[in-house]
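Undergrad: I need the structure of the sequence given here:
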Amino acid sequence: MSLELIGNAAAFVLYLSMMIFIGWRYMKNNESSGDFFLGGRKVGPWMTALSAEASDMSGWLLMGLPGLAYLGGMKEAFWTALGLIIGTYLNWLIVAKPLRRFTVAYRDSITIPEFLTHRFRDRSRIISSVSVVLILVFFTIYTASGFVACAKLFSSVFGLSYHVGLIIGVAVILTYTILGGYLAVCATDFVQGLLMFAALVITVVVMTVVPGGPFAAFVKIEDFGDAAIAGSFGPLILLSLFWRGATAKGAIAGLITGGITVIVWHNLDGGLFAVYEILPAFLVCLLTAIAVSLFDKNKDPQMLAEFDSCRN
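TA: Below you'll find the model as predicted:
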């Protein structure tokens, strides 16, 4: 075993141990379900920002985007990155504050399905049921992409088999998440976000200084899960925050049609179907939810009063 490999192994063991220690450290701060799932709503702006982007981009930014540049050229990678930057900025600018205020007002909702259920006063709990199915199916795909990136990293650096690397990565992530909850996830993501930023800066410097230009990398990008979640839930979040007339029936119809659109569109090729499925799913979900809500004449007066109270 070479000294370089020993050094890399020691660094990784130290890093993984630090992640687990963070989970153990924050375990002591969890005194309620709100603390475990949302950190008691006391996470600061820097940790929130870096944690959100490290969770959202992480493996995709460091592995997927270079793969996209290799497959489609720098032009496609540039427009993709620009769209993500603008979308992220608008999300924080327009959605973040109202969503926080509304979730607190609606019985201190912890999850999006819980918030939508309370917001639309869905006594049948169909919104929660449909949401759970969509999240279970599509977020499994989305989360798997992160585990794949972790396994590939272990395999390329240490020569471990893909499955061994996958098991190690899953075990460490589950350990600190189960121990410390949301605070541990935010803290570990904050550290990883700083490392990602440093890695990106160093990579740019090396690519500029070292002769030979950028290196090529190929990574299969899995955007299906991301498109399904954004296309199904995105319009409903906007409607729940900014439109008084949205109803439970409209939300249920939007969830179902948005999820179906992603699946159907993803399996069709050529022409119009070459468009990334997040766009048609978003539009179908939005228009369906609006149309069904407009035709729903039995709007709950208490639901309308609660919305007016939150908006004011």
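Undergrad: residues in contact with S155?
TA: Applying Cβ atoms under 8 Å, 6 or more residues apart in numbering, we find S155 in contact with 161-162, 165. The C-beta positions use only the backbone N, C-alpha and C, and glycine is treated the same way.
Undergrad: check these for burial and list the buried ones.
TA: G165 (16 or more other Cβ atoms under 10 Å).
Undergrad: closest one to V185 out of the contacts of S155, please.
TA: G165 (20.9 Å; Cβ to Cβ).
Undergrad: pLDDT value on the closest one, please?
TA: With respect to pLDDT, G165 scores 81.
Undergrad: so where do the strands sit in the stretch 51-200 of the chain?
TA: Using DSSP state E, counting those that start in this stretch, no strands are found in the stretch 51-200 of the chain.
Undergrad: mind listing what's buried in whichever strand or helix holds W46?
TA: Here W46, judged by DSSP states H and E, is contained in helix 45-56. Going by neighbour count (16+ other Cβ under 10 Å), the buried part of helix 45-56 is 47-48, 50-54.
Undergrad: same question for stretch 121-138.
TA: Buried positions in stretch 121-138, judged by neighbour count with 16+ other Cβ under 10 Å: 121-122, 126-128, 130-131, 134-135, 138.
Undergrad: ok, now stretch 151-170?
TA: Buried-residue list, stretch 151-170, by 16+ other Cβ under 10 Å: 151-155, 160, 165-166, 168-169.
Undergrad: check which helices and strands the host helix or strand of I202 is in contact with.
TA: Element membership for I202 (DSSP H and E) is helix 162-209. For helix 162-209, the packing partners by 3 or more Cβ pairs under 8 Å, 6 or more residues apart in numbering; DSSP states H and E come out as helix 3-27, helix 33-38, helix 45-56, helix 126-158.
Undergrad: if we go by neighbour counts, what in the shortest one is buried?
TA: Buried residues in helix 33-38, defined by neighbour count with 16+ other Cβ under 10 Å: 35-36, 38.
Undergrad: equivalent analysis for stretch 242-254, please.
TA: If you call a residue buried by 16+ other Cβ under 10 Å, then stretch 242-254 has these buried ones: 246-254.
Undergrad: now the end-to-end length of that stretch.
TA: Terminal residues of stretch 242-254 lie 16 Å apart, using Cα to Cα, to the nearest Å.
Undergrad: likewise stretch 106-124?
TA: 17 Å.
Undergrad: who touches it?
TA: 33-34, 37-38, 102-103, 125, 127-128, 131-132, 135, 233, 236-237, 240, 246-248, 251-252, 300, 302-303, 306-307, 310.
Undergrad: pLDDT averaged over it - what is it?
TA: pLDDT averaged over stretch 106-124 gives 91.
Undergrad: please apply the same query to stretch 259-278.
TA: Rounded mean pLDDT across stretch 259-278 is 86.
Undergrad: in it, what's buried?
TA: Within stretch 259-278, the residues scored as buried using 16+ other Cβ under 10 Å are 259, 261-262, 265-266, 277-278.
Undergrad: got a list of what the nearest residue to N29 once chain neighbours are set aside touches?
TA: The shortest distance from N29 to any residue other than its chain neighbours is 5.9 Å, reached at L183 (Cβ to Cβ, 6 or more residues apart in numbering). Applying Cβ under 8 Å, 6+ apart to L183 gives the contacts 26, 29-30, 35, 39, 43.
Undergrad: same question, I126
TA: By Cβ under 8 Å, 6+ apart, the neighbours of I126 are 248, 252.
Undergrad: pLDDT weak spots in the chain?
TA: Under the criterion pLDDT under 70, the flagged ranges of the chain are 1-2, 4-5, 8, 56-72, 200, 203-224.
Undergrad: of the contacts of S155, closest to F295?
TA: Using Cβ to Cβ, Y162 comes nearest to F295 of the contacts of S155, at 51.0 Å.
Undergrad: where's that closest one relative to F147, distance?
TA: According to Cβ to Cβ, to the nearest Å, Y162 stands 11 Å off from F147.
Undergrad: which outside residues touch stretch 38-49?
TA: Residues from elsewhere that reach stretch 38-49 (Cβ under 8 Å, 6+ apart): 29, 32, 34, 51, 100, 104, 110, 181-183, 186-187, 190.
Undergrad: switch the cut-off to 6 Å
TA: Contact with stretch 38-49 is made by 34, 110, 182-183, 186, 190, as judged by Cβ atoms under 6 Å, 6 or more residues apart in numbering.
Undergrad: start to end distance for it?
TA: Start to finish, the residues bounding stretch 38-49 are 14 Å apart (Cα to Cα).
Undergrad: thinking again about what came up before, against Q192, how distant is the residue nearest to N29?
TA: For L183, the distance to Q192 equals 15 Å [Cβ to Cβ].
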